[in-house]
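> make a model of this:
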Amino acid sequence: MKKIILFVVSAFFAGLLVAKPVSKDYALAVAREFFMQYCGKLDSVATLKDYYVVNYLETPTYYVFNFYPGGFVIVSADNATIPILAYSGQGSHYLTNTCPESRDWLDRYSREIYRISSGHEDNNITSGQWEDILNQRFSKSSMDIGPLISANWSQDDWYNYYCPADPAGPSGHALTGCVATAAGMIMKYHGFPMNGIGSHAYQHYLYGLLSADFGATTYDWSNMGNTANSCSYDAVATLLYHVGVSADMNYSPVASGAYEKQLMYSLVDNFNYDQSTIREVFKADYSDNDWKQLLMNDLDHMLPVFYSGSGSDSHAFVCDGYTLSNNMFHFNWGWGGLDNGYYAIGALNPFGNNFSSDNSAIIGIKPGNPAMVARISQPGREAIVAPGSTVDVEASMVIGNAASMELYINDQLTASNSGQSLSYSWNTTGLNLGSYQFKLKAMNEQDTVYHEVTVIISEWIPESSGFTSPSRGIQYLHAVDSLVLWATAYDGANTSNYIHEFTRTINGGDTWIAGSVTNYSGLVPSMIFGIDAQTAYCPMYRQNGSNPQGIFVTHDGGVNWVQQTTALFTDPSSFPNVIHFFNPNEGWCMGDPVNGHFECYSTTDGGDHWVALPENALPPPLAGEYGVTGFISSVGDHIWFGTSKGRVFRSGDRGKTWQVSSTTLLNKYVDVKFADTLHGICMEDNSGSTGNISESFDGGITWSTVIPIGPHFSTSYAYVPGTPDTWISTGAQLGSAGASFSLDGGHHWQLFDGTDGLQYLSTVWLNSHLGWAGAFYIVNSKSGFYKFRGVLQEPTILPPNNLQISKQEKNIHLSWDPPASLLSLQGYSVFRDSQLIGSLSAGTSYYDDLNLPNANYGYCVSANYSTGNSEQICASIDLDYGIGEFSDILPWVYPNPVYDKLLHLVYNSKLADLKILNILGIVAWESGIDKTIREIPINALIPGIYFLELRSSDGIHTIKFAVR
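Got it, this is the predicted structure:
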């Protein structure tokens, strides 16, 4: 039987070498061999129960094989990927009955396999892995870990018993949330703590005040079973509710969500897990191997890992084991054991993308010291304070007694006290912007414990957005002036929870008042455009239900909203995207294509009457081309909008007639912003984008690629009015969060101090010292917006440095160092006696002025930028060679030092030999048989000092030169 199986396998493999797609029979053979090896079935043939194939865009991407009596193997449908995607020795796997976390993980497999298959990726490495399985060449592992966790907890019935009551949820309650269930199972594994620390409460927009008293609760670990039911739910449900409250859970009957960082803080602050080891890490910061080693290091120390991945929504689960021989990790998805198994992490093809690059984890989760606990109660974690302010620090013992307490700021001892508390006033005057680490050290004869918080001195000051629901993020932000701003929101914890909420300020952000576009359930705002403190327009599209979509207006500060029905948007293909008003009466709006043209309307009476633009007013859309919500820009009578195909439409007559051009970001979603009627940039802005940039200097007719240098983000960006070419970018993605600025049109970016790792959303600016960026609202905190009240320095146009001038006979050589500027250098201008004699590229920092008569010469060089030219640096020299002294026989070279790829030799005699020697006398180059060479290639030479040795009829000459 074994020979027959191997013969069939060999036949399969022979066919596989000429075709990447994997047949069902071949995949089954691979699955059987793998299942028998890793699921304890070596003494028999694995019996197939059933199977199914999953397709992406009609292309098979993977097979799922379920075996008797239990277990499954998921096999790729293309041999240019690793063979095994997931497996388990228990249960079955069906797409019709799978948990959201597992389904999303497999969806990501599917998309990546489709990309590899359609891109015809190299299968040289992966095909060997398939052959190894088929021929039973399995690696032998000296150590496999886990699964560490025996609990198979879930989010629904009984687990959610103490979650907020909601008739739409399982058993009449909201779900616990994946964050709470995953963290709860890890805490159950440790059986820690016996009691929590302190209490916490917050206001939920649906369920009112939610609270938990951790310090007054004894967690009954012995009565927490591996599952919960009607007889054993109380201890488990209590823990999961407390974990949820500690992380400000945004409860819902369909999807409850919370932030990973907030959970990490609550594990330390409320449940006394060890702050010295716990930390949040991001896959994007590690190679595949380093990331896996990071996880294995915790698992080797018997510490389960809190793991999260993003797809259609963010999900959290537990990584609690690995199999070293096949390099796969065990996931407990937190749905009652459903789909638990071993899954692949990292690139599916060594030469392809990494589908798990946006994964993150909390590592180092282990119990702290239960006998001694100290806390900094004020300021709170990641408190943001203004420069020049005073911060009151309060710290005390919570459990146990301290003989002394010390406060360190950035590892410098700042204050101390003998006793159970410590107070200190920290003045920030004169301190640099950025993050400061406050560490409390409490000591007695037996123990020493620590507690840390971060305080950020920033010109970005938090403001309360006015929302009461946790995780409300700012989707779109529009400034009328320095006092009046309007913004729309979305649910950052549950993006499937479609809301129609807004907020408004009339005092520059000192207070924001939130509201809702009432009586229009199922509609979602595309953007918002404010006219003044009372009037704003909001295009809304239908996400579900039957309410009519279109343009909605308020004239009473958002208390009441009415639809302007003459902007129809009634076709099944209609989708309102953007709106703009040139003045209180004249406006224009646009929706997705209907019957082959973009659906556009204009008004001259504030929207009381909207008139459809003629079908030929805009160039026709490409196949599959759409507008994008909020992707619009305007300057005076000019207006632009970006599309899903990397194109930008433009109008110079208030939207009456239009032209279109393609950017360099083909087939990408592009957001467009213009600084004036000629200069603008567009940025790739779809999910997962890294923010690729294209620029135009002719109003959007032509576009060129920008290669940005430095930290730039892709969540939102804006031009800063009144500046030569200053732009802002914001980011909120995992591993790519913060705010940065560019002084040269997006070419070079610099991080705002104190913003790294903080989530910044939609941004708008009025001038170089006043701007806003949206954020997420965190309950019981001043959050939801950041307001910039600093000074963005105008770009410094720096000149070149270190101008050097030298002469050789009748020739003068100039060289200089490039300027150290954040601006994008365009080139240099060289002047002799105030006359322009040379215009050079940015990469050329030398100039040779040849065959000059005797005289005194003055030379100047300026650096040229897109925003203007720098001051000149100047030097002078006397050229005084005698008429009889000059000889064409003497050789010389230029430029010296040499920056380019060629060294030029000036010599009129015929060469017999030509060599370049390094400082040790070793030949680094020689001319060979070419004795007429006058341009010497130096691109293979490393920077340093060299000697050019040449032999001719008049003797041997040696010339020293430098390569930089």
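> okay, and the beta partners of residue 611?
Per DSSP bridges, the residues bridged to residue 611 are residue 602.
> so what's it up against?
566, 601, 602, 603 (C-beta atoms under 8 Å, 6 or more residues apart in numbering). No exception for glycine: its C-beta is placed from N, CA and C like everyone else's.
> which among those residues count as buried?
For the contacts of residue 611, a burial check counting by 16 or more other C-beta atoms under 10 Å picks out 601, 602, 603.
> residues in contact with the residue lying closest to the first one once chain neighbours are set aside?
When you say that, I think you mean residue 601. By the measure of C-beta to C-beta, 6 or more residues apart in numbering, the closest residue to residue 601 outside its immediate chain neighbours is residue 610, 4.0 Å from it. For residue 610, the set of contacting residues under the criterion of C-beta under 8 Å, 6+ apart consists of 551, 564, 566, 567, 589, 601, 602, 603.
> coming back round to it: ok, of the contacts of residue 611, which one's closest to residue 643?
residue 601 (18.0 Å; C-beta to C-beta).
> contacting residues for the closest one?
By C-beta under 8 Å, 6+ apart, the contact set of residue 601 is 551, 566, 567, 568, 588, 589, 610, 611, 612, 613.
> out of everything not next to it in sequence, what's closest to the second one?
It stands for residue 566. What sits nearest to residue 566 in space, not counting adjacent residues and going by C-beta to C-beta, 6+ apart, is residue 610, at 4.2 Å.
> and the third one, by the same measure?
Distances taken as C-beta to C-beta, 6+ apart place residue 610 nearest to residue 567, at 3.9 Å, with adjacent residues excluded.
> what ranges do the helices span in the chain?
Assignment of helices within the chain using DSSP state H yields the ranges 2-16, 24-38, 100-118, 126-134, 178-190, 234-246, 260-269, 288-300.
> quick one: closest of the ones you listed to residue 733.
For residue 733, the closest of the helices of the chain is helix 260-269, at 13.1 Å, according to C-beta to C-beta.
> who does residue 764 form a beta bridge with?
With DSSP bridges applied, residue 764 shows beta-bridge pairing to residue 772.
> whoops, I mixed them up, residue 682
Residues in a beta bridge with residue 682, per DSSP bridges, are residue 672, residue 694.
> can you get me a residue count around it?
By other C-beta atoms under 10 Å, 32 other residues sit near residue 682.
> quick check: it touching residue 648?
Yes: proximity of residue 682 to residue 648 meets the contact threshold set by C-beta atoms under 8 Å, at 6.0 Å.
> any shared contact partners between those two?
Common contact partners of residue 682 and residue 648 (C-beta under 8 Å, 6+ apart): 642, 663, 670, 672, 696, 703.
> in strands only, show me those residues.
Secondary structure of the shared contacts of residue 682 and residue 648 is defined by DSSP state E; positions in strands are 642, 670, 672, 696.
> now the second one: closest residue in space that isn't a chain neighbour?
With sequence-adjacent residues excluded and distances taken as C-beta to C-beta, 6+ apart, residue 670 is closest to residue 642, at 3.9 Å.
> from residue 751, how far off is the one you found?
The span separating residue 642 from residue 751 equals 26 Å under the rule C-beta to C-beta, to the nearest Å.
> so between these two, which is more surrounded?
Regarding residue 642 and residue 751, a neighbour count based on other C-beta under 10 Å identifies residue 642 as having more, with 29 against 16.
> quick one: stretch 791-810 to chain centroid distance?
37 Å (C-alpha atoms, centre = their mean, to the nearest Å).
> show me which residues of it are buried.
Buried residues in stretch 791-810, defined by neighbour count with 16+ other C-beta under 10 Å: 792, 795, 797, 798, 799, 800, 803, 805, 807, 808, 809.
> in TSV: the residues you listed, plus distance to residue 622.
Rendered in TSV, the data for the buried residues of stretch 791-810 read as follows (distance: C-beta to C-beta, whole Å):
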residue	distance to residue 622
792	38
795	38
797	41
798	44
799	47
800	46
803	52
805	57
807	61
808	61
809	63
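> now those residues as JSON lines including distance to residue 480 and pLDDT?
Formatted as JSON lines, these follow (distance: C-beta to C-beta, whole Å; pLDDT from 0 to 100):
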{"residue": "792", "distance to residue 480": "21", "pLDDT": "77"}
{"residue": "795", "distance to residue 480": "28", "pLDDT": "62"}
{"residue": "797", "distance to residue 480": "33", "pLDDT": "77"}
{"residue": "798", "distance to residue 480": "37", "pLDDT": "84"}
{"residue": "799", "distance to residue 480": "41", "pLDDT": "89"}
{"residue": "800", "distance to residue 480": "44", "pLDDT": "92"}
{"residue": "803", "distance to residue 480": "50", "pLDDT": "93"}
{"residue": "805", "distance to residue 480": "56", "pLDDT": "92"}
{"residue": "807", "distance to residue 480": "63", "pLDDT": "88"}
{"residue": "808", "distance to residue 480": "66", "pLDDT": "85"}
{"residue": "809", "distance to residue 480": "69", "pLDDT": "82"}
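> farthest-apart pair in these, please.
Checking the buried residues of stretch 791-810 against each other with C-beta to C-beta, the farthest-apart pair comes out as 792 and 809, at 51.0 Å.
> among the helices and strands of the chain, which has the poorest mean pLDDT?
Confidence across the helices and strands of the chain bottoms out at helix 2-16, with a mean of 32, counting by mean pLDDT, DSSP states H and E.
> for residue 499, state which of the ones in strands among the shared contacts of residue 682 and residue 648 is nearest.
Within those, the smallest distance to residue 499 is 24.8 Å, found for residue 642 (C-beta to C-beta).
> residue 665 is in contact with the closest one, correct?
No: in this structure residue 642 lies outside contact range of residue 665 using C-beta under 8 Å: 9.1 Å.
> what sits in contact with each of the two?
residue 682.
> hang on, the earlier thing: pLDDT check: weakest of the contacts of residue 601?
Least confident of the contacts of residue 601 in the model: residue 568, at 93.
> run a quick neighbour tally on the residue lying closest to residue 858 once chain neighbours are set aside.
What sits nearest to residue 858 in space, not counting adjacent residues and going by C-beta to C-beta, 6+ apart, is residue 876, at 4.4 Å. Neighbouring residues of residue 876 were enumerated by other C-beta under 10 Å; the total is 11.
> isn't residue 876 up against residue 856?
Yes: Residue 876 sits in contact with residue 856 when judged by C-beta under 8 Å, with a separation of 6.3 Å.
> can you give me the distance of the residue lying closest to residue 634 once chain neighbours are set aside to residue 103?
In space, not counting the residues next to it along the chain, residue 634 is nearest to residue 580; the distance is 5.3 Å by C-beta to C-beta, 6+ apart. In this view, residue 580 and residue 103 are 40 Å apart by C-beta to C-beta.
> please identify which of these two sits among more neighbours.
For residue 580 against residue 103, the residue with the higher neighbour count under other C-beta under 10 Å is residue 580, and the figures read 19 against 16.
> residues touching residue 213, list them.
Going by C-beta under 8 Å, 6+ apart, residue 213 touches residue 199.
> and it, how far is that from residue 239?
Residue 213 sits 13 Å away from residue 239 when distances are taken as C-beta to C-beta.
> picking up where we left off before, out of the buried ones among the contacts of residue 611, who's nearest residue 776?
For these, the minimum distance to residue 776 (C-beta to C-beta) is 33.9 Å, reached by residue 601.
> so what's the nearest residue to residue 678 once chain neighbours are set aside scoring on pLDDT?
In space, not counting the residues next to it along the chain, residue 678 is nearest to residue 699; the distance is 5.2 Å by C-beta to C-beta, 6+ apart. In the predicted model, residue 699 carries a pLDDT score of 96.
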